[in-house]
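Asker: Quick one, structure for this:
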Amino acid sequence: MNPRIHVVDAFADRAFRGNPAAVCILKEPRDDGWRQDVAREMNLSETAFLEKRADGSYTLRWFTPAVEVDLCGHATLASAHILWETGELAAVETARFHTRSGILSASKKGDWIEMDFPAEPEKPADIPPELAEALGVQPRYSGRNRFDYLIEVGDEQIVRDLSPDMTLLKKVDMRGVIVTSRSILEGFDFASRFFAPAVGVDEDPVTGSAHCCLGPYWGGKLGKTTLRAYQASSRGGILRVGLKDDRVLIGGQAVTVLCAELVGG
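Answerer: Sure thing, here's the model as predicted:
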């Protein structure tokens, strides 16, 4: 039987918004080279591969068109959405995933999906010269965690107007760069954009895993444990962010836009 693949717009309440991810539920093992080929063929920021385990949980792995990554929010959201939509899981069941970043879970909350992720707080850090040159902005604050640099700038218009030099940015030795500010939109606490050319994604439209850093950062600055976030890419995306001890609860919506059968390979 050929595996089926689904494309889901994550962190979106309608098609062609948010961040598209491909989801492939495997009924038999496939090697890493095949998975990378599929991810390259899909040419989305991430393709998720799921394999069911004996206890009803799933092994979940994420591939960009170039590499396998350790943590991805929007493709996890998309994966949970597909498990419920296809009847693999009942709507009342929690989706549990074994990943490179430990056990992650997702639950339905009405029209929203809430994911339980590890917090990935940053620490203050100077940025390398090529990063400063690539962004062309003056940071109000700079820090980094194990994945990304975090850059706070003066206001949301600076975030929206950014046009980084991707050739220079690709030389930065980190997964990606988060640029953020307080939001000017009513009802939102902060805005961000995310750039990761080093792993084959110039700009990721909506990045759940970046909010494992952004949530603790803005929660600490604003004195809040519940926040509302907007990722200001051209597609845009809305996220709910909750802080609970060393975990971050990331909420979003999802819409399926494509179902197909993989006939090659």
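Asker: all contacts plus neighbour counts: C-alpha atoms, from now on.
Answerer: Will do.
Asker: Go ahead and name everything in contact with the helix or strand harbouring F97.
Answerer: Taking DSSP states H and E as the criterion, F97 maps to strand 95-99. By Cα atoms under 8 Å, 6 or more residues apart in numbering, the residues outside strand 95-99 that reach it are 57-61, 70-71, 80, 83, 89, 103-107.
Asker: cool, stretch 154-163 as well?
Answerer: Residues outside stretch 154-163 that contact it (Cα under 8 Å, 6+ apart): 135, 139-140, 153, 179-184, 191-193, 232-233.
Asker: List the buried residues for that stretch?
Answerer: Of all the residues in stretch 154-163, those buried under the rule 16 or more other Cα atoms under 10 Å are D155, E156, V159, R160.
Asker: Next, count neighbours for the closest residue to D173 other than its chain neighbours.
Answerer: Nearest non-adjacent residue to D173, counting by Cα to Cα, 6 or more residues apart in numbering: A198, 7.7 Å away. Neighbour count of A198, defined by other Cα atoms under 10 Å: 20.
Asker: How about the contacts made by the nearest residue to C72 once chain neighbours are set aside?
Answerer: Once flanking residues are discounted, C72 sits nearest to S209: 5.3 Å by Cα to Cα, 6+ apart. With contact taken as Cα under 8 Å, 6+ apart, S209 is in contact with L71, C72, G73, H74.
Asker: Out of those, which is nearest to F117?
Answerer: Taking Cα to Cα as the measure, F117 lies nearest G73 of those, at 8.4 Å.
Asker: Spatially nearest residue to that closest one, not counting backbone neighbours?
Answerer: Leaving out its chain neighbours, the residue that sits closest to G73 by Cα to Cα, 6+ apart is G208, at 3.9 Å.
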